[in-house]
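1. the sequence isn't on hand, but the structure is:
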């Protein structure tokens, strides 16, 4: 029986701030980074997990991964991957570590990465990409992986089981459809705040030519700039391509309503992160104030308990699950089930580094096993940094191509990992030598 | 002009789990710990701050303190302590670090400790304990220290200024009263779950004899045990001493209502942390279901935005500010002002290590500058680990004695710090040698 011998963590950072890729009203200069977890057993089996961060502070998450990883050393790998619910609870509810959250911020993200190393082992053992593993797992086992603590007033284990069973008919056909055609994406590539007008127009046109039917623009720094940029984008893509806007929590509640409505003439599809994602009541008020523009949030929502309330309060039209903020595959599934229960579409947050590779699995699963309906649901895509992964996310004709390799999608190329380890990787050394940092 | 040269962090832990001090339904075996921050400038000036944790994971917060501390190295100390609002925003809203929260969990706690080292310098320069510094600071300066981001729909800077100005009349007399008589406390000492019935009865009796008019019992593991313990406690202290109960987030929403009402015959004063402190809507429902028993929460509330909503939703009767979860003195003051605006009494969370030393300042300030009314407000007190501080918190006849030494109260004795640094301090070495750990 293989025993876990190590959970190593790596502080991997990419110098994206040099080109202002990923710049928005709040995240003005991100260096897209991954706190990367590698679990290893004494038989050589490995599992991988990661947390996306914006640069500084990645070392804190890496440290937290070590701390959570220590809780697994010496345990039998077979037990953990056969009981992924127990494994997750062991980490998330550790009687001392939980004080650091509970279930939020650095500690929760790190717990999620470590939990995901076990899912990665499980998927690799079964020779399946995560979404296929989830689709083919029995509803009973899937429900057993979920932590229903503090959400039973919105979703019980019995209800979860019913939702999964209701998704069984037609599943095989939907899987075949996903394998053949993939899942629709949208792109944020044209819309970063640091880009010039010319670049915005060019990238918007290219997005439409590449087959996307929705793009997203960052807003929230100066209203007159946003009006100008929205007008340019709308003129470029025409009336039929959706344009969503994203304020990255820049506004107060009343300001969010006014600013969004000031852009209404350009027909924004959704407004994303209009205010603090901790502000459930604020989102509900904003939603009432900007209808019919949809309200979206989730990339900074810390756990299922906040999502539960956003749904209970009727505060959102679009749930943007963030796969590395919450406690691993388990909590992502819980959130998908909550959204299904409340009938709110899930359009996962991606971009960053590794997020596209990870979140596609959830949307594939969501369609095949839960909703059976794509409608206007789109998975975010940004064409950055995919080359560092063993199986890079791929979008063709505006559709995510179904991942095929066994695992969760988190495994990076060792060469990339070692080159961009911060601060001592060769990539960083070269930038220093060139005087760029 | 003194320049900041270092912000060191220490992982200081005390082996409280050996005696089950501090055990409750969720925190079954805490080792009370402090991630301790020491800021130093090139003129030798020092400021101290800390984050309370439950043991494992303290090293993560210590690491985060280093990361935040680095943002201050090389800056002029005078600028920072003269502009404590700007100093706090520089850390809390750091464009890369904020992804780790934003404003929650490990990163937020660490930012708070570093911010507090600056308040400690300021208080020491003025030769005042923190509460006197706050009471004597102009309303304008105090308001300038507050970050109103995402709370202006509940409290504007103008309203904050009005509340502070309204507290000016009679302030000198209230300060004199606090200096002479202190501020009432309550004690959790009798109520830990790990204690025997005999110990519960003995400590409850001793609490009343020592002058307390409120005690608190941990509940939430087995209802029949809670009934037995509540009965014992009520028989011991009589009808006139308040007994509050604390479930440490153990319950689902419906369960919280049923369990609390099952204890109603013993007249509990408040029920604390009936469910997840992230669950604003859940707390509102519980409050409706358990009236007239009061609902209290706060020790795990991560920031002013959640507190704002708890107040907006009418979800709590008692706000239990936790001084080391939020971003330093600044955010504690913001929370006190929010509570004042909504007319909800603040009874700070203490116990742990260092919390009594810290929170007393907020209740003294709250009475002198904001509410002018103590009523049934009590500050939590647990008689643990005070001997490790330069100015130990002291309760006499059930009242916190006004702290007198300059500073925030966070400064530990160097001997204690070095003895209990984990894992290499002499205290831990001795426990290992004795086979106790």
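-> That came through fine. These numbers were taken from a predicted model, which means no experiment stands behind them.

2. what residues does the stretch 201-350 of chain A put near chain B?
-> By the rule C-beta under 8 Å from any C-beta of the partner chain, the part of the stretch 201-350 of chain A lying against chain B is A:249, A:252-254, A:275-276, A:278-282, A:285, A:300, A:302-303, A:305-306, A:308-309, A:312-313. Where you see a C-beta, it was placed from the backbone N, CA and C, and this is true even at glycine.

3. list buried members of those by neighbour count.
-> The neighbour count (16 or more other C-beta atoms under 10 Å in any protein chain shown) marks A:249, A:252-253, A:275-276, A:278-282, A:285, A:300, A:302-303, A:305-306, A:308-309, A:312-313 as buried among those.

4. wait, isn't residue A:54 in contact with residue A:34?
-> No: if you go by C-beta atoms under 8 Å, residue A:54 and residue A:34 don't touch, sitting 11.0 Å apart.

5. comparing the two, which residue is more hemmed in?
-> Comparing residue A:54 with residue A:34 by neighbour count (other C-beta atoms under 10 Å in any protein chain shown), the higher total belongs to residue A:34, at 31 against 26.

6. make sure the more buried one is indeed in a strand.
-> Yes: with the criterion set as DSSP: H, G, I helix; E, B strand; the rest coil, the secondary structure at residue A:34 is a strand.

7. quick check: beta-bridge partners of it?
-> Beta-bridge partners of residue A:34, counted by DSSP bridges, are residue A:12, residue A:52.

8. measure it to chain B for me?
-> If you measure residue A:34 against chain B using C-beta to the nearest C-beta, to the nearest Å, the figure is 12 Å.

9. next, the contact list for that residue, please.
-> When contacts are counted by C-beta atoms under 8 Å, 6 or more residues apart in numbering or on different chains, residue A:34 touches A:10, A:12-13, A:50-53, A:58, A:353-354, A:412.

10. one more time with 7 Å, if that's ok
-> Shown in contact with residue A:34 (C-beta atoms under 7 Å, 6 or more residues apart in numbering or on different chains): A:12, A:50-52, A:353-354.

11. do the same with residue A:170
-> Going by C-beta under 7 Å, 6+ apart, residue A:170 touches residue A:372.

12. let's see 10 Å
-> Residues near residue A:170 by C-beta atoms under 10 Å, 6 or more residues apart in numbering or on different chains: A:177, A:368, A:372.

13. if you rank these by neighbours, which is first?
-> For the contacts of residue A:170, neighbours tallied by other C-beta under 10 Å; top is residue A:368, 26 neighbours.

14. do any residues in the helix or strand where residue A:363 lies lie close to chain B?
-> Taking DSSP states H and E as the definition, one finds residue A:363 inside helix A:355-365. No: in terms of C-beta under 10 Å from any C-beta of the partner chain, no part of helix A:355-365 sits within range of chain B; the closest distance is 12.3 Å.

15. elements contacting that helix?
-> Under the contact criterion of 3 or more C-beta pairs under 10 Å, 6 or more residues apart in numbering or on different chains; DSSP states H and E, the helices and strands touching helix A:355-365 comprise strand A:46-53, helix A:105-126, helix A:130-136, helix A:171-181, strand A:183-191, helix A:328-342, strand A:379-381, strand A:399-400.

16. hey, least reliable of the ones you listed by pLDDT?
-> Of all those, mean pLDDT reaches its minimum on strand A:183-191 (a mean of 93).

17. quickly run through the sheet partners of that strand, with directions.
-> Take DSSP bridges as the rule and strand A:183-191 pairs in its sheet with strand A:214-218 (parallel), strand A:379-381 (parallel), strand A:399-400 (antiparallel).

18. shaky segments in chain A?
-> Low-confidence regions of chain A, defined by pLDDT under 70, span residues A:20-22.

19. using JSON lines, lay out the strands paired with strand A:183-191 together with mean neighbour count.
-> Supplementary listing: the strands paired with strand A:183-191 in JSON lines, determined by neighbours: other C-beta atoms under 10 Å in any protein chain shown:
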{"stretch": "strand A:214-218", "mean neighbour count": "25"}
{"stretch": "strand A:379-381", "mean neighbour count": "26"}
{"stretch": "strand A:399-400", "mean neighbour count": "22"}
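
20. among the ones you listed, which is nearest residue A:345?
-> strand A:379-381 (11.3 Å; C-beta to C-beta).

21. could you check the angle the helix or strand hosting residue A:224 makes with strand A:214-218?
-> Remark: residue A:224 resides in helix A:223-237, with elements defined by DSSP H and E. Between helix A:223-237 and strand A:214-218, the angle formed by their directions is 160 degrees, by axes from the mean of the first three to the mean of the last three C-alpha atoms, to 10 degrees.

22. for whatever helix or strand comes next after helix A:223-237, list every residue counted as buried.
-> Past helix A:223-237, further along toward the C-terminus, the next helix or strand under DSSP H and E is strand A:242-246. Judged by neighbour count using 16+ other C-beta under 10 Å, the buried positions of strand A:242-246 are A:242-246.

23. the strands in the stretch 301-437 of chain A, which residues?
-> Per DSSP state E, counting those that start in this stretch, the stretch 301-437 of chain A carries strands over the ranges A:318-319, A:379-381, A:395-396, A:399-400.
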